[in-house]
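Sequence and computational prediction follow.
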Amino acid sequence: MTFKFRTVSLPHDTQLLHSWIATEHAAFWGMRHATAAQVESAYAQLLDTPRYQVLLGLEHQDPRFLVELYDPLESPLAGAYRHIPGDLGLHFLAPAATAPEAGFTYRALAAAVQQGFDDPRVQRIIVEPDLRNKSIHALNARVGFRPVGPVRLAEADGGTKHALLSIITRAEFEQATGAVLTGTVLSPERWERANRHVLAKALGEFSHERLLEPAEHGEQWYSLHKDGHRYRFTAGRYRMNHWLVQPSSIIHERFADGSWQPAGVDVLDFVTLYRQELTLSEAQLPTYLEELSSTLSSHCYKQLQASHSSAQLAQFAGTAAQSFQRIEAAMTEGHPCFVANNGRMGLGRADYLRYAPETGTALPLGWVAAHRSRAHFSSIDTLDYDGLLADELDPGERARLEGVLERALRDTGGTAADYILMPVHPWQWENRLSITFANDIAARKLIWLGASADHYQPQQSIRTFFNVDAPQRHYVKTAMSILNMGFMRGLSAEYMKATPAINQWLGELFEKDAVLSTQPVALLREVAAVGYRNPQFEAATDASAAQRKMLAALWRESPIGALADGERLATMASLLHVDDQGRSFAAALIRSSGLDPEQWLAAYLDAYLVPLVHCLAAYDLVFMPHGENVILVLKDGAVQRVLLKDLGEEIAVLSDRVELPDEIRRVRTGGDPVLSIFTDVFDSFFRFLAPLLDAEEVLGEDDFWRIVSQRLLGYRSAYPLFAEDFDRLGLFAQAFPLSCLNRLQLRNNQQMLDLADQSGGLLYAGELENPLASALVAMK
C-alpha cells in the first residue's frame, strides 16, 4: 500500500472536507447541502469523541480520501448487531475525481482497512453503508467484507438509516487482498512483560513446592545460580511458604569473559535450564514449553484488553448478567497455582479469538441430533427432556432444528423421535467429531443441525458457556478435546448418566440439613445431561480414553434467577484478579462496600468456608471449591451468599457414614477429609488472597488468619452437636501435607490424575505450617 495517514486538523482541513462531503457524490453521507461551518462543527464533535479517529489518506503528501475509525459500541451500531471485543467501525469516502484512476478506490479502501488492522486489538472491522449504495457494497466485497444483513440505524437528525452491515476479519482481508498484516499482540515489549509475569509466578510456585531453593541475600533479595546463569529477584514471603515475586525486579545474567553480563528474561530458557530440578523428562519438556508459550501469548492479549481497572469492575456497570460477564472476561490470570495455566493445546490463532474467555466473545453453540441407541439423557426428577428443551429453546427454534432433522431423515425410515437433541461446542464438531465420528455421521447416528439462535459467552473454564441473550437460561457445559492444565477437557458420557442424580441428592441434603438450609450458601445444580457413546472406540479403549469423552453436555442452573434487587455476581476466582496498576479486585470490593475489612472478610467466610467445613464435619462430604467453582452473590460490594457449582464430577463422600443411592455410588471415595480444606482452600486460594490484601494495606495477613480462626470457632460454638466431629478434623493442627499441583503437571501434562482415584495420585513435598495454629496461639 502506498498511502500514509494523518489526523484531520481543523480549521486547516475544513474547506477540503466541505469540498468532498457537501456534494452529490457523497449524498449517502447526508451533508450535501451543509455549509463549511456545519461540516467543521460536525467533525470537531467527532474529533472530541473518545475512541474516534478521523484520518486523511495521503498519497505523495496529498489528501486523497477520508477514513473514520470508531468504537461500534459508541455509535448507532450499539445493540444493532452482535458485538465482540476487538470490533472496529469504519467509514470510507473517496471523493469524486475529475480524472478517475483505475483501481484507486480499491487501493484506498484496502489501505483504510489495513490501517484499522494495524492496531493488534482489532480483530474485525464493521461497515454499514446505505442499503442503496450498490457501488460501495461491491467495493467492500472485493476487499473481503462479508454481508451480514440489513440493519436500521438511528441518525443524528432523528431519521433512520437503512444500511447493509458487513464484517471482515484479519484472515478474510489477507485472503481477499494478498496483504500481510503486521499488527500483532506479540510485540517485544508485551512479550517481555509476559515473560516477567510468568517467570515471577514460576519462581514463586516452584519455590513454594520446594522444587527450587533460592538463596537469600537480605532485604527481600534472592538468587538462583546454575551453569553460568544467575537469576536475582525480590520477593515478599508470606505464610505457607508463599512467595510474591516482583516481576520488574527479575535480573538474569550470564557469566562470560570473567564477569556477569546482562541477559534476557525468558521463562522457556529458565525452565529448560532447570528441567532436572523441575523433574521434567525429555518427553515432557517440549510439550510443557508449548503450554508455556501459549500462556505467554495469552498474557500478551490480556495486556491489550486490560481496559477496566479493578475499581471500575467493582462498580458492576450494566445489568447483573452484563457485569458478571464483563468481570469474567477481564480476569488476567488462570488457576493461581499452575504456572502454565493457559496451555489450551489444540487451539489456533483464529480459535483463540473465537473461544478464549478473555476475548469476551459471544458465539452460537452447535446442535446435533444423537440417535437414542447411542445417546442417553438423564435429568433430575422434576425435569424431563421436553421440559428442558422448552426451557432452552423458543418454540420456533425447536421447530427449526427438528425440521432440519426431519429433512436429513427423509427416505431413511428414521423418525425425529429416535433422536435426542444436544448442544455441542463448534470447535469440537469442526475439529474432532466431524472426523473422528465420521462413521456415526455416515450412518445417521449423529446429525448436524446447525448453530443455536442464542449466543453464549465462554467462561474461564473455556468449555462452559453462559447464555448472554437469555441469561435466565441454563449454563451449558460441553466437551472440548483440548489439553489444558494437565487434562484433556472432554466430558465423560458415562459420568453424565449419574450427574443429575448426584445433584438431586446433594440439593435434597442441603434442603434438609438444619445448618446448610439456614446458611448463606446454595447450589447451582446440574439438572440434565446427555452423553453419546461410540461403540467402536469403547471396544478399543479403557474408561479413561479421550475418545470416550468427546461428545457429552450438561445443563446447569443459571444464577441470574436467584438474585434479589441490587445483587450482582462474580466468580470467586475474580477476587485474585489484579489489574495493570497492581490493584486487586478483592481490595476494590472491600473499599466499595464501605465495610470494615474484617466485617467483609467475616461475611465471605461465613458464606464460603463455614458451609464447607460443616459438610466435612457432618457428612465427610468434600467439594472442589476452587475459584471458578464458586460464585459470589454481592450487594454494594459485600458478599451476601455463595453459590457452589460443578458438582457432578467434583464432589466426593469420603466415608460410609452417609447412605447413598446406588446410582450415585461413584461419589464415595477414600482420602483425608481435611486436606480438601488445607489444600483446596488454604493453600490454593487463601494463600494468594491474604497477601493481596496485605500488600494493599487493606488487611494484614495475621489479621486475615485470625478472622478465619474466629469464624471456624464460631461455627463450633454455634453448633455444639457437631463440635466433636469438628475437633476430629484437626483444622488447628501445627502442619499439613504440601500437595503439589505443578509437580503433577510436570510429571504428566497429558493426564495429571486418574479422575476415578484422584487422591491416590497426588504428590507431596513435606509439610506446610498451618496458619490457623499460630493464629490460635496469638488469640489466647
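Alright, I've got the coordinates. Numbers count the residues shown, from 1 in each chain.

Show me the helices in the stretch 601-750 of the chain, by range?
If you assign secondary structure with DSSP state H, counting those that start in this stretch, the helices in the stretch 601-750 of the chain sit at 675-677, 687-695, 701-718, 723-729, 741-747.

so for the first one, what's the average pLDDT?
This means helix 675-677. Here helix 675-677 scores 89 as its mean pLDDT.

try the longest one
If you average the pLDDT over helix 701-718, you get 97.

Packing partners of that helix?
Helices and strands touching helix 701-718, by 3 or more C-beta pairs under 8 Å, 6 or more residues apart in numbering; DSSP states H and E, are helix 597-619, helix 687-695, helix 723-729, helix 771-779. Just so you know, the C-beta spots here come from the backbone N, C-alpha and C atoms, and that holds for glycine as well.

could I get these as a markdown table with distance to residue 511, mean pLDDT and mean neighbour count?
Output for the helices and strands packed on helix 701-718, formatted as a markdown table (distance: least, C-beta to C-beta, whole Å; pLDDT from 0 to 100; neighbours: other C-beta atoms under 10 Å):
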| stretch | distance to residue 511 | mean pLDDT | mean neighbour count |
| --- | --- | --- | --- |
| helix 597-619 | 14 | 97 | 21 |
| helix 687-695 | 30 | 97 | 21 |
| helix 723-729 | 21 | 95 | 15 |
| helix 771-779 | 31 | 88 | 16 |
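
Distance to residue 135 for those - can I get that in CSV?
Formatted as CSV, the helices and strands packed on helix 701-718 follow (distance: least, C-beta to C-beta, whole Å):
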stretch, distance to residue 135
helix 597-619, 61
helix 687-695, 57
helix 723-729, 76
helix 771-779, 71
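
closest to residue 500 out of those helices?
Across those, residue 500 has its closest neighbour in helix 597-619 (20.0 Å, C-beta to C-beta).

need the longest strand for the protein.
With DSSP state E applied, the strand covering the greatest number of residues in the chain is identified as strand 446-458.

can you give me the offset of that one from its chain's centre?
Averaging C-alpha coordinates over strand 446-458 and over its chain gives two centres that are 19 Å apart (C-alpha atoms, centre = their mean, to the nearest Å).

Please apply the same query to stretch 244-264.
The answer for stretch 244-264 is 34 Å, by C-alpha atoms, centre = their mean.

list the buried ones in that stretch?
Taking 16 or more other C-beta atoms under 10 Å as the basis for neighbour counts, the residues of stretch 244-264 that come out buried are 244, 245, 247, 250, 252, 253, 263.

okay, how far is it across it, tip to tip?
One end of stretch 244-264 sits 21 Å from the other (C-alpha to C-alpha, to the nearest Å).

Renumber starting at 15 from here on
Sure, I'll start counting at 15 from here, so that last one is stretch 258-278.

what is the rounded mean pLDDT of the host helix or strand of residue 179?
With the criterion set as DSSP states H and E, the secondary-structure element containing residue 179 is strand 174-183. For strand 174-183, mean pLDDT is 93.

where are the low-confidence patches of this structure?
For the chain, the stretches with pLDDT under 70 are 15, 112-114, 499-501, 763-775, 794.

domain assignment for it?
18-191, 202-298, 356-576, 582-794 (automatic domain parsing).

mind checking which of those domains is nearest residue 328?
If you check each of the domains of the chain against residue 328 by C-beta to C-beta, domain 582-794 wins as the nearest, at 3.9 Å.

follow-up on the earlier one: relative to residue 332, which of the helices and strands packed on helix 715-732 is closest?
Minimum separation from residue 332 across the helices and strands packed on helix 715-732 (C-beta to C-beta) falls at helix 611-633, 23.4 Å.

Also compute the angle for that closest one relative to helix 701-709, please.
For helix 611-633 and helix 701-709, the angle between their directions (axes from the mean of the first three to the mean of the last three C-alpha atoms, to 10 degrees) works out to 160 degrees.

circling back: nearest to residue 252 among the helices and strands packed on helix 715-732 would be which one?
The closest of these to residue 252 is helix 701-709. By C-beta to C-beta, the value is 4.6 Å.

who touches the closest one?
Here helix 701-709 makes contact (C-beta atoms under 8 Å, 6 or more residues apart in numbering) with 250, 252-254, 256, 258, 350, 589-590, 592, 598, 600-601, 604, 611, 713-715, 718-719.

can you check stretch 86-95 too?
Contacts of stretch 86-95 from elsewhere in the structure, counted by C-beta under 8 Å, 6+ apart, are 63-66, 97, 101-103, 140, 142, 162, 165-169, 175, 179.

Keep only those of those that are in helices.
Using DSSP state H, no member of the contacts of stretch 86-95 falls within helices.

Which among the residues you listed count as buried?
Neighbour counting with 16+ other C-beta under 10 Å marks 66, 97, 101, 102, 103, 140, 142, 165, 167, 175, 179 as buried within those.

Can you tell me which of the residues you listed end up in strands?
Secondary structure assignment by DSSP E places 66, 101, 102, 103, 140, 165, 167, 175, 179 of the buried ones among the contacts of stretch 86-95 in strands.

before we move on, back to that, now, the contacts of helix 701-709 that are in strands?
Short answer: the contacts of helix 701-709 in strands (DSSP E) are 250, 252, 256, 258.

Output those in a markdown table; the columns should cover distance to residue 221.
What follows is these, written out as a markdown table (distance: C-beta to C-beta, whole Å):
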| residue | distance to residue 221 |
| --- | --- |
| 250 | 12 |
| 252 | 12 |
| 256 | 9 |
| 258 | 11 |
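
Of these, which is the most crowded?
Neighbour counts for the ones in strands among the contacts of helix 701-709 were taken using other C-beta atoms under 10 Å; the highest belongs to residue 256, which has 21 neighbours.

wait, that one sits on residue 222?
Yes: in this structure, residue 256 is within contact of residue 222 by C-beta atoms under 8 Å, at 6.3 Å.

returning to that earlier point: restrict the strand holding residue 179 to CA atoms and write it as PDB.
This file holds the C-alpha atoms of strand 174-183, laid out as PDB (Å, rounded to 0.1, in the frame of the first residue of the first chain):
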ATOM      1  CA  THR A 174     -33.400   6.100  10.300                       C
ATOM      2  CA  LYS A 175     -30.700   4.800   8.100                       C
ATOM      3  CA  HIS A 176     -31.300   1.500   6.200                       C
ATOM      4  CA  ALA A 177     -27.900   0.000   6.000                       C
ATOM      5  CA  LEU A 178     -26.100  -3.200   4.900                       C
ATOM      6  CA  LEU A 179     -24.000  -4.500   7.700                       C
ATOM      7  CA  SER A 180     -20.800  -6.200   6.600                       C
ATOM      8  CA  ILE A 181     -17.900  -7.600   8.500                       C
ATOM      9  CA  ILE A 182     -14.300  -8.500   7.700                       C
ATOM     10  CA  THR A 183     -11.800 -10.500   9.800                       C
END
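
helices or strands up against that strand?
Counting by 3+ C-beta pairs under 8 Å, 6+ apart, strand 174-183 packs on strand 138-141, helix 148-157, strand 160-168.
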